[in-house]
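Visitor: make a model of this:
(2 chains)
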Amino acid sequence: MTDDVFKVGTYEFKSRLIVGSGKYKSFQATKDATEASEAEMITVAVRRVNITDMGKENLLDYINPKEYTILPNTAGCFNADDAVRTLRLAREAGGWDLVKLEVLGDTETLYPNVVETIKAAETLVKDGFQVMVYTNDDPIVARTLEEIGCVAVMPLGNPIGSGRGLANPFNIRVIKQRAHVPIVVDAGIGTASDAAKAMELGADAALINTAIAEAKHECLMAKAMRDAIRAGRQAYLAGRMQKRAFASASSPTEGYIWD
Amino acid sequence: MQILLNGETTATCASTLGELVIELGLEERMIAMERNLEVVPKSQYNDTRLCENDRIELVHMIGGG
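Guide: Okay, the predicted model is just below:
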């Protein structure tokens, strides 16, 4: 498994777990859980500096950009223009060209606004960004985003922060089967079995934030996710057995002592 | 002079973006700035003059998923 590299754009990773840095109780908790996850890529949000209360510490004092691939996101953007502005600022701040594009449709569902996502993706790809794009689990939209030139397509498993697992496993599989870029399940994973399931379906990676940050023991859940991603990936590569309608004995059906 | 800094009317003595960064004590921080909706590269902070009522956005990275 050591040569099972996760390639996205011009980047290569050993870990197929991408973590978020939101919702943690403290920067220290973020750092500890991120280390426990053994993830190499971590998302961050871009926000105004609070001029009147800047605080002494900063996320990047704890998450060293020299050790992790920082993936700036456009969380909170509801149109293409804001998303493009946000990522241009992020690129200037840290020199990062690998980015997570998400353009949301409303504040209640946080479902993606696909029309604005496509517009933003077109602009960002032309502008030289390597775009990992959050979208819904629609195979046609996934194909469109790939055709635009996004380096990874990231269908949701379920709404952001819901922890409800994979709503439509069939679509995740269909998207993967038709894709020529990595497919990353982003949003919805609530516990380790959800992560393993996503990988068993063929996802190239999973992006997980809330399930770790809101766990009672963040580091333990980070390790559980690390192991689930590995287990699911290995099961996918191993090729699972066919399901049968009826039983199939595991021990030989000959040589019984009563024959 | 008055500028609009992150949406707030703010008085500053800085005459360039470079001076503004120092005035705010952000030289060591990983930040980025927009002046009137245009991203300004760090290499140009010292050459970018601030004008009355400039709209400056000053951002950094925080936790997010």
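Visitor: measure how buried residue A:193 is and give me the count.
Guide: Neighbourhood size, residue A:193 [other C-beta atoms under 10 Å in any protein chain shown]: 15. The C-beta positions use only the backbone N, C-alpha and C, and glycine is treated the same way.
Visitor: so it touches residue A:228, yeah?
Guide: Yes: between residue A:193 and residue A:228 a contact is recorded at 6.9 Å, counting by C-beta atoms under 8 Å.
Visitor: how deep is residue 26 tucked in, by neighbour count?
Guide: Since no chain was named, I'll use chain A. 11.
Visitor: hmm, no, I was thinking of chain B.
Guide: Using other C-beta under 10 Å as the criterion, the residues surrounding residue B:26 number 17.
Visitor: likewise for the one 3 residues further on?
Guide: A count of nearby residues for residue B:29, using other C-beta under 10 Å, gives 17.
Visitor: equivalent analysis for the one 5 residues further on, please.
Guide: Here the count is done by other C-beta under 10 Å, and residue B:34 has 17 residues near it.
Visitor: that one belongs to a strand?
Guide: Yes: according to DSSP: H, G, I helix; E, B strand; the rest coil, the state of residue B:34 is that of a strand.
Visitor: for it, give the beta-bridge partners.
Guide: For residue B:34, the beta-bridge partners are residue B:39, residue B:57 (DSSP bridges).
Visitor: which SS state does residue A:88 fall under?
Guide: helix.
Visitor: who touches it in this structure?
Guide: A:127, B:39 (C-beta atoms under 8 Å, 6 or more residues apart in numbering or on different chains).
Visitor: per-residue pLDDT, it?
Guide: Note on residue A:88: pLDDT of 96.
Visitor: around chain A, pick out the residues from chain B.
Guide: Contact residues, chain B versus chain A (C-beta under 8 Å from any C-beta of the partner chain): B:5-8, B:10, B:24-26, B:29-34, B:37, B:39-42, B:57-65.
Visitor: one more time with 6 Å
Guide: B:6, B:30-32, B:39, B:58-65 (C-beta under 6 Å from any C-beta of the partner chain).
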